[in-house]
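In: Structure for this input, please:
(one chain, ligands or ions: 1)
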Amino acid sequence: MAETKSLKEVYAPYFKIGAAISYYGYQHVSDIICKHFSTVTCENEMKYASVCNENGQYDLSKADQMYAFAMKNGIEMRGHTLMWHNQNHAPVFAGMTKEQILERVTEHMNLMNRHFPDLSCWDVINEVVSDSPDEFLRDTVFKQKFGDDYVRFFYGLARQTMPGKRLVLNDYNEFIPHKRAHILQLAKSMKEEGVIDALGLQAHIRPKLITIDDLKRTFDDYATAGLPLQITELDIGLPDMDDPTPVDQISREEHEKHAEFYGRYFALLREYSELIESVTLWGVSDDMTWLNYFRCRRPCTALLFGRDHQPTPAFEKVIDF
Ligand code: GLA
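Out: Okay, the predicted model is just below:
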């Protein structure tokens, strides 16, 4: 790796800086992780369907290895995620009674908390708010069985089963005003009940659809919740995920646009750093971003290190300001 300044050192006065890591990739970029990041998140390895099979038997070996790597290197790790409508064996839950689900989820929370005691926080239920302006909470098996108050109910359960652990409400499309209003309405009521400690903004940013002004308004609104913010899954993907043009190599213009947007976004993050406790990129290097496999399934630049694991022009903009 070329000699560079360290992201976590440069950003120490502002917020912690982190990355999602994957079991099959993290060992190839471990030097980047240790040098640049003060917090990591397992991209998939702690999700319900990754740790527990359909018969309820656990295999935590992948998450164990990644947790041990983080702890050994003095890197914080976020817990992601205890419950979600995806990657969760929904048909198994659908076949259960309310009591059986409650028992299973309580066991799951206890087990994950005991097994990974030093995680910095947990995303308890991921992505609960609907994308539709006419619907408040997304329709999931948990909502069907436990009703409209299920989010506060399960966060309350997490509070009991893992006392002292920071509990985070994590969602995406937070830049869209109607969705943001719903997220904040829910967060405020959860705060009143004392079942939430921070808000997670995923920040999967598409420059085609989102402006820096939209992002600024997002922070102004989130500030009204009176909760610390965590940027949990940052990526800025170019070309856009819906652009079908085949890509062999990312053009220089695309890299410049990418760098420009990253630079402006990090300037905004620094401006709002009193609110923000951590910024986690959703991956380390462009060969590993999920956006390569999403929608149009073609390579893109999304992160701060390229496919060759060298810093990209976006890295330079972020670190030199
Ligand atoms: C969501 C989830 C993440 C991950 C990304 C796509 O944002 O929270 O765990 O699955 O989608 O990689």
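
In: From now on I want contacts and neighbour counts done on CA atoms only, so please keep to that.
Out: Fine.

In: Tell me which residues touch residue 292, please.
Out: Contacts for residue 292 (CA atoms under 8 Å, 6 or more residues apart in numbering) come out as 298-300.

In: May I have the secondary structure class of it?
Out: helix (DSSP: H, G, I helix; E, B strand; the rest coil).

In: Where do the strands of the stretch 51-200 of the chain begin and end?
Out: 76-83, 121-126, 166-171, 198-201 (DSSP state E, counting those that start in this stretch).

In: Distance to residue 293 for these - can I get that in a markdown table?
Out: Below are the strands of the stretch 51-200 of the chain laid out as a markdown table (distance: least, CA to CA, whole Å):
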| stretch | distance to residue 293 |
| --- | --- |
| strand 76-83 | 21 |
| strand 121-126 | 21 |
| strand 166-171 | 21 |
| strand 198-201 | 22 |
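
In: Quick one: residues contacting the residue nearest to residue 294 when sequence neighbours are not counted.
Out: Sequence neighbours aside, residue 241 is the residue nearest to residue 294 in space, at 6.9 Å (criterion: CA to CA, 6 or more residues apart in numbering). By CA under 8 Å, 6+ apart, residue 241 lies in contact with 291, 294-297.

In: What does residue 241 show for phi and psi?
Out: Phi and psi for residue 241, reported as degrees, to the nearest 10, are phi -60, psi -20.

In: if we can go back for a sec, any idea which of the contacts of residue 292 is the one closest to residue 37?
Out: residue 300 (22.2 Å; CA to CA).

In: and residue 151, how many neighbours does it have?
Out: 22 (other CA atoms under 10 Å).

In: so it makes contact with residue 124?
Out: No: Residue 151 lies out of contact with residue 124 (CA atoms under 8 Å); the separation is 9.1 Å.

In: okay, and for the stretch 1-150 of the chain, where does confidence drop off?
Out: In the prediction, the stretch 1-150 of the chain carries residues with pLDDT under 70 at positions 1-2.

In: Please, where are all the helices along it?
Out: 7-10, 30-36, 48-51, 61-72, 90-94, 98-115, 141-146, 150-161 (DSSP state H, counting those that start in this stretch).

In: Quick check, pLDDT for residue 246.
Out: The per-residue pLDDT reported for residue 246 equals 78.

In: my guess is it is in a strand, correct?
Out: No: assessed with three-state DSSP, residue 246 is coil; it does not lie in a strand.

In: still on that earlier bit, find me the pLDDT at the residue nearest to residue 294, would you?
Out: 91.
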